[in-house]
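Undergrad: Below: sequence and its predicted model.
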Protein chains: 2
Amino acid sequence: MNICAYSYEAYLQRVKSFHGHLAPGVIIGGFMVDLAMKHLPEGQFFDAVCETPVCLPDAVQILTPCTVGNGWLSIVNFGKFAVTLYEKYNGKGVRVYLDAEKLNTWPEIRDWYLKKKKKHEQNSDVLLAQIKEAGHGLLSAQHVQVEPEKVRRKKLGPVGVCPVCGEAYPSNDGDKCCNCQGETPYRNVIAVNAK
Amino acid sequence: MNICAYSYEAYLQRVKSFHGHLAPGVIIGGFMVDLAMKHLPEGQFFDAVCETPVCLPDAVQILTPCTVGNGWLSIVNFGKFAVTLYEKYNGKGVRVYLDAEKLNTWPEIRDWYLKKKKKHEQNSDVLLAQIKEAGHGLLSAQHVQVEPEKVRRKKLGPVGVCPVCGEAYPSNDGDKCCNCQGETPYRNVIAVNAK
């Protein structure tokens, strides 16, 4: 049983090192990416869409060339555990989702996924064992046509210098940057002498 | 010259392998994360904020335990090249930004960053050489107090099963999932027989 180019155990090691711990969502995500890739023509350039920012983007970033920073991975915040890989020019792709109808065979996964148990009531060993046993068995796949302009990040546009803070910002945002417009998540800003 | 635990050359290798190519933004981002960490107490648990989804999140994901999927990296889309690392419980942190005032010493970086040259007019070798030479010299740092609730992703809340597509979704989104409410980026959805 492989997950893309990795053995199952080697993939778990990558999950630990990148994601920090053996999160069930990243392990299932590995099977999802693997299944999607099996349905794509080999050697194709593809982009990815995750329908949740939780866990799944890390499976994509571990297993494919698509990352958040290079823009080939888009995240739409629909709260759904689904990933789509699609050919970046024609939009043809494969969407894989965790299929609620298939969950009854794996009660520990069902209770975790549908939040039927609180975290301290879950049995992590049983959960991980069922995930390994289930593999692709939890998943369903669809052929889809992606409308890339609905998922890709917008171009930054022209750059200006904010008259308040003196930093560069996208001039399309207005006459000052978002921070200085009051959206800042920071208080008590004090300059440090650069080391 | 190191970037966190990596030599400069080893960091460039990691950038190539994770991000796909030697993007100037990910290299500068490495110096930014390095500078921020030098101002944080050692051994502290910290979260990260990037003020742009472009390039910078990959520097954070290469160099720190914070990823998009584990939720320790938040992205606010202000279009600003700035990163903040902050102590996750008390919110105290360090924000590092590319300082527009310091750019004049490095004309190729200035023209790239402020988009004064089109891509085909840029000299990539000169740009990368100036980035290496400049190192922290392009950057300024600030002590900040982060309001974590303004940057952290919201809890998913209770999970329901969408009556239209049959997939799990956050019931707080309404009586059906976002895809089925019409926000879907997909057309021509056709089930595939799972392999």
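TA: Here it is on my side, so go on. Here the structure is a predicted model, which means the values were calculated and not measured.

Undergrad: got any ranges where chain A has weak pLDDT?
TA: By pLDDT under 70, the low-scoring segments of chain A are A:194-195.

Undergrad: List the pairing partners of the helix or strand that contains residue A:84 within its sheet, with orientation.
TA: Here residue A:84 sits within strand A:82-87, counting by DSSP states H and E. Strands that pair with strand A:82-87, judged by DSSP bridges, come out as strand A:46-50 (antiparallel), strand A:92-98 (antiparallel).

Undergrad: ok, now which ones touch the closest residue to residue A:150 other than its chain neighbours?
TA: Computed as Cβ to Cβ, 6 or more residues apart in numbering or on different chains, the closest residue to residue A:150 that is not its neighbour in sequence is residue B:185, at 3.8 Å. Heads up, the C-betas are built off the backbone N, CA and C, glycines and all. Residues near residue B:185 by Cβ atoms under 8 Å, 6 or more residues apart in numbering or on different chains: A:49, A:76, A:146, A:147, A:148, A:150, A:151.

Undergrad: Same question for residue A:122.
TA: Per Cβ under 8 Å, 6+ apart, neighbours of residue A:122: A:108, A:111, A:112.

Undergrad: helices or strands up against whichever strand or helix holds the first one?
TA: Residue A:108 is part of helix A:107-113 when elements are defined by DSSP H and E. For helix A:107-113, the elements it packs on are helix A:24-38, helix A:124-134, judged by 3 or more Cβ pairs under 8 Å, 6 or more residues apart in numbering or on different chains; DSSP states H and E.

Undergrad: helices or strands up against the first one?
TA: This points to helix A:24-38. Using 3+ Cβ pairs under 8 Å, 6+ apart as the contact test, the elements touching helix A:24-38 are strand A:2-3, helix A:8-19, helix A:56-63, strand A:82-87, strand A:92-98, helix A:107-113, helix A:124-134, strand A:139-146.

Undergrad: Show residues contacting the fifth one.
TA: I take that to be strand A:92-98. So strand A:92-98 is contacted by A:28, A:32-33, A:35-36, A:39-40, A:46, A:80-87, A:113, A:138-146, B:167-168, B:186, B:189, B:192 (Cβ under 8 Å, 6+ apart).

Undergrad: Kindly supply the ChimeraX command isolating those of those that are buried.
TA: Here is the ChimeraX command that picks out the buried ones among the contacts of strand A:92-98, judged by 16 or more other Cβ atoms under 10 Å in any protein chain shown:
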select /A:28,32,33,35,36,39,46,80,81,82,83,84,85,86,87,113,138,139,140,141,142,144,146 /B:167,168,186,192
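
Undergrad: Domain ranges for chain A, per the record?
TA: As given by automatic domain parsing, the domain ranges for chain A are A:2-150, A:156-195.

Undergrad: okay, which residue is most central for chain A?
TA: Closest residue to the average C-alpha location of chain A: residue A:57 at 1.7 Å, with Cα atoms, centre = their mean.

Undergrad: Now distance to residue A:155 too, for the helices and strands packed on helix A:24-38, in CSV please.
TA: Converted to CSV, those look like this (distance: least, Cβ to Cβ, whole Å):
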stretch, distance to residue A:155
strand A:2-3, 34
helix A:8-19, 29
helix A:56-63, 22
strand A:82-87, 20
strand A:92-98, 22
helix A:107-113, 37
helix A:124-134, 39
strand A:139-146, 19
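
Undergrad: so which of these is the most packed in?
TA: Highest mean neighbour count of the helices and strands packed on helix A:24-38: helix A:56-63, a mean of 27 (counted as mean count of other Cβ atoms under 10 Å in any protein chain shown).

Undergrad: Output it as PDB, nothing but the C-alphas.
TA: Listed in PDB are the C-alpha atoms of helix A:56-63, where the atom choice follows Å, rounded to 0.1, in the frame of the first residue of the first chain:
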ATOM      1  CA  LEU A  56      -5.900  18.600   3.900                       C
ATOM      2  CA  PRO A  57      -3.700  21.300   2.400                       C
ATOM      3  CA  ASP A  58      -0.700  19.700   4.200                       C
ATOM      4  CA  ALA A  59      -1.400  16.400   2.400                       C
ATOM      5  CA  VAL A  60      -1.300  18.300  -0.900                       C
ATOM      6  CA  GLN A  61       1.800  20.200   0.000                       C
ATOM      7  CA  ILE A  62       3.600  17.000   1.100                       C
ATOM      8  CA  LEU A  63       2.600  15.000  -2.000                       C
END
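
Undergrad: List the contacts of whatever helix or strand comes next after that helix.
TA: Moving toward the C-terminus from helix A:56-63, the next helix or strand (DSSP H and E) is strand A:73-75. For strand A:73-75, the surrounding residues in contact (Cβ under 8 Å, 6+ apart) are A:47-53, A:57, A:60-61, A:64, A:66-68, A:151-153, B:68.
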